[in-house]
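Chemist: Kindly generate the corresponding structure for this input.
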Amino acid sequence: MSFGVCYESGWGGLPQDERAAVERYRTAAEQGDAEAQNNMGRCYVNGEGGLPQDERATVEWYRTAADQGDAEAQFNLGVCYKNGEGGLPQDERAAVEWYRTAADQGDAEAQFNLGVSYKNGWGGLPQDEGAAVEWFRKAADQGFAAAQNNLGVGYKNGEGGLPQDERAAVEWFRKAAEQGNAHAQYNLGVSYKNGEGGLPQDTRAAVEWYRKAAEQGDAEAQFNLGVSYKNGKGGLPQDERAAVEWYPQGRRPGIRSAQNLRGYKNGEGGLPQDERAAVEWYRKAADQGRRGADEARRGRVVSQGRGAGKRTRAVQLGVCYKNGEGGLPQDERAAVEWYRTAADQGDAEAQFNLGVSYKNGWGGLPQDEGAAVEWFRKAADQGFAAAQNNLGVGYKNGEGGLPQDERAAVEWFRKAAEQGNAHAQYNLGVSYKNGEGGLPQDTRAAVEWYRKAAEQGDAEAQFNLGVSYKNGKGGLPQDERAAVEWFRKAAEQGDAEAQFNLGVCYKNGEGGLPQDERAAVEWYRKAADQGFAAAQNNLGVCYEDGSGGLPQDERAAVEWFRKAADQGFAAAQNNLGVSYKNGKGGLPQDERAAVEWYRKAADQGLAAAQNNLGVRYKNGEGGLPQDERAAVEWYRKAAEQGDAEAQFNLGGGLPQDERAAVEWFRKAAEQGLAAAQYNLGVRYKNGEGGLPQDERAAVEWFRKAAEQGDANAQFLLGVCYLKGEGGLPQDERAAVEWFQKAAEQRYAAAQVYLGCYYENGWGGLPQDERAAVEWYRKAADQGFAAAQSSLERLGC
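Modeler: Sure thing, here's the model as predicted:
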């Protein structure tokens, strides 16, 4: 067999003669020489020495040698199973078995490929970085360059139980680079560029190593060399032509990282922003990724040595189809195909994207929560943070066949949050806030996680951090300015709840903002257009009132109330009920419809609606029976929530219990309800409901109500001035002023008093019979008998 090797290589004074080599290999192989049998297999692979290119014959010879224990043949047979060559099925499990058989005999290439299989979880192996590192080290210690490079990557990233040690990484990169490994040459160049691993920051040395790798066709090295020419770095002249020549040539088969292609996409590294060019390179690289193991006939399985965290071409091409970038049509089906290609190769980002596609039913896929969860789990098990978060959401909500399990949800949220995933940090914050998943209810911890996510730009976290500042929760001071700042950050990202809250802050002039109804309306509209019900309701109120620069438009108000009401927003349901009651905004006056909407809101606990429903029961309106008991029940529900009108109505609905009535009147009066203030004044004037007879207190409450325009209170306050009661001076002019206010509101008794004062010229009024008659007539038209008598006395 040794003569065969000499003929193949032209050694020992023999001519280089592949045919003679094959003859010698065949002779030895047929005599049972395993090494020759392996070499015969290799010659059939490449069609050497006059042999046809014949994969089946290759496999036969590899198997013959492998069965005799030849390690190289065992490895090569594994490669054939990996790629499904020579009539063999594509069978990663069988491939791994043969790699292990050869690796256990010390074959370095097999040890390396077994390490790659552990790294990716191929062939039924668990994804095990520690086992991968062990096998890379065995191969590296034998001088196998690809393994030395991968071991360097392990030290650089602190993977597989290795400490993060840039010096060790550089040592291994150098060992591999000096053997000509292009990946390692590139990695060593990067280490010089960044001054890592004890190396000086040396762009000249970086460029030298980039050139070595680039001349072997390494695309990333070609790109970096091109950038170096573009910028005149590393001792190179600034040379655009040379730069363009070196920009990715795509000569080297195998998967490349996305670093160079990001240059085209984002206009970085001296490249024009050219999405079409980027896509062309994504497609070339993705197609190479599909082929994947073209070099594997000689044992060159695609190395994972560039390190983690970079997007593969198939994924990037899928993203371009998803978003319609780089001149590609927006094509979700094509996107899903590329995601699946990469996902089937174990790419975590692709697995995640495929899960998202199943979750949403994109790209022709059925909406399938179960399939989504399966793909999220595959990616999550590889440590992909976004997938870990989504898996947590699945457990939280019991989706995709998962049990509803808050503890599992929190575990996954924490895994992702600790990697810096903002969504997961927010979700973990919510879990602490609510005390879910076995966590204590801890607003401080919640705020800490909200802040981490908010500082990364997560809008929901920004909003919740704003709420925490507004309410002074989680150890934060009550700080409306800080609240507004966080609301604004979230609102400017389109968070509807934050937009609504920012609108409220403008409406009330909170957090250092001016009181600005126009700005409030702008923010309400942004949130309302996204379907946020509270904002839709508030926008309706602004149209109803004609505030914030809007025209007074009851139809528009009703439209917005209906949008919010149809979403179940109680305040809008009540407002829509009021609109039906009054026949506003183009609606018919319809008490039954009003009652239906009041009930919807009342059943949700809205106090105003509960009070309105109570009024309908009291009066027997809207198809309801007249039912005092039901009325009182609804008043009480609303009153206990602090609704002033309901408190007043409840007081009026308890005629047999004056003390309780007075208590409810006081609650409503202290909230500023004029009718309650008047009634409380009457109770003090008469000494009712357990109150002492106290005219001073009566006058105080009459004045509060009168100043709000309550006609009853205005009249009685006038009477008190007339008589000089409750500590007031006897003052007819003041009395007349209050009678005038009440009379203008059609209060008949005040109209009679005013008529009398004009008739007699009292209280500073001129004696004016015409004016007197006018006021008597107004009261008489309301059926007030004393006014009719006065008119008759005057002959009218």
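Chemist: the domain parsing of this protein - what is it?
Modeler: The record's domain parsing of the chain by automatic domain parsing lists 383-493, 496-567, 746-796.
Chemist: Format those as TSV; extra columns: mean pLDDT, mean neighbour count and distance to R167.
Modeler: Using the backbone N, CA and C atoms, a C-beta is placed for each residue, glycine as well. Formatted as TSV, these follow (pLDDT from 0 to 100; neighbours: other Cβ atoms under 10 Å; distance: least, Cβ to Cβ, whole Å):
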stretch	mean pLDDT	mean neighbour count	distance to R167
domain 383-493	97	21	25
domain 496-567	98	20	48
domain 746-796	96	18	94
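Chemist: now stretch 634-650: how far from the chain's centre is it?
Modeler: Distance of stretch 634-650 from its chain centroid, counting by Cα atoms, centre = their mean, to the nearest Å, is 40 Å.
Chemist: same question, stretch 457-465
Modeler: 9 Å.
Chemist: Repeat that for stretch 353-367.
Modeler: 18 Å.
Chemist: pLDDT wise, what is W11 at?
Modeler: Looking at W11, its pLDDT stands at 50.
Chemist: do E628 as well
Modeler: Reading off the model, E628 has pLDDT 95.
Chemist: For it, which residues are in contact?
Modeler: In this structure, E628 makes contact with Y617, K618, G653, judged by Cβ atoms under 8 Å, 6 or more residues apart in numbering.
Chemist: Please identify which helix or strand holds the nearest residue to the last one once chain neighbours are set aside.
Modeler: Spatial nearest neighbour of G653, chain neighbours left out: V632 (4.7 Å); criterion: Cβ to Cβ, 6 or more residues apart in numbering. Using DSSP states H and E, V632 sits within helix 628-639.
Chemist: Could you name the helices and strands sitting against the following helix or strand past that helix?
Modeler: Counting by DSSP H and E, the next helix or strand C-terminal to helix 628-639 is helix 644-652. If you count contacts as 3 or more Cβ pairs under 8 Å, 6 or more residues apart in numbering; DSSP states H and E, helix 644-652 packs onto helix 607-619, helix 628-639, helix 658-670, helix 674-686.
Chemist: I'd like these written out as TSV, with distance to D239 added.
Modeler: Shown next, in TSV, are these (distance: least, Cβ to Cβ, whole Å):
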stretch	distance to D239
helix 607-619	76
helix 628-639	81
helix 658-670	84
helix 674-686	86
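Chemist: where do the strands sit along the stretch 101-250 of the chain?
Modeler: Using DSSP state E, counting those that start in this stretch, no strands are found in the stretch 101-250 of the chain.
Chemist: Return, as residue ranges, the portions of it with sub-threshold pLDDT.
Modeler: Filtered on pLDDT under 70, the stretch 101-250 of the chain yields the residue ranges 243-244, 247-250.
Chemist: mind running it again at 80?
Modeler: Counting by pLDDT under 80, the stretch 101-250 of the chain has low-confidence residues at 219, 223, 226-227, 230, 240-250.
Chemist: Any buried residues in the helix or strand harbouring V315, and which?
Modeler: Using DSSP H and E, V315 sits within helix 313-323. In terms of neighbour count (16 or more other Cβ atoms under 10 Å), helix 313-323 has its buried residues at R313, A314, V315, Q316, L317, G318, V319, C320, Y321, K322.
Chemist: just checking, what packs against that helix?
Modeler: If contacts are counted by 3+ Cβ pairs under 8 Å, 6+ apart, helix 313-323 sits against helix 275-291, helix 332-344, helix 348-360.
Chemist: mind redoing it with 10 Å?
Modeler: helix 259-266, helix 275-291, helix 332-344, helix 348-360 (3 or more Cβ pairs under 10 Å, 6 or more residues apart in numbering; DSSP states H and E).
Chemist: quick one on the thing from earlier: make TSV out of the domains of the chain and add distance to P625.
Modeler: TSV is the format used below for these (distance: least, Cβ to Cβ, whole Å):
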stretch	distance to P625
domain 383-493	43
domain 496-567	26
domain 746-796	30
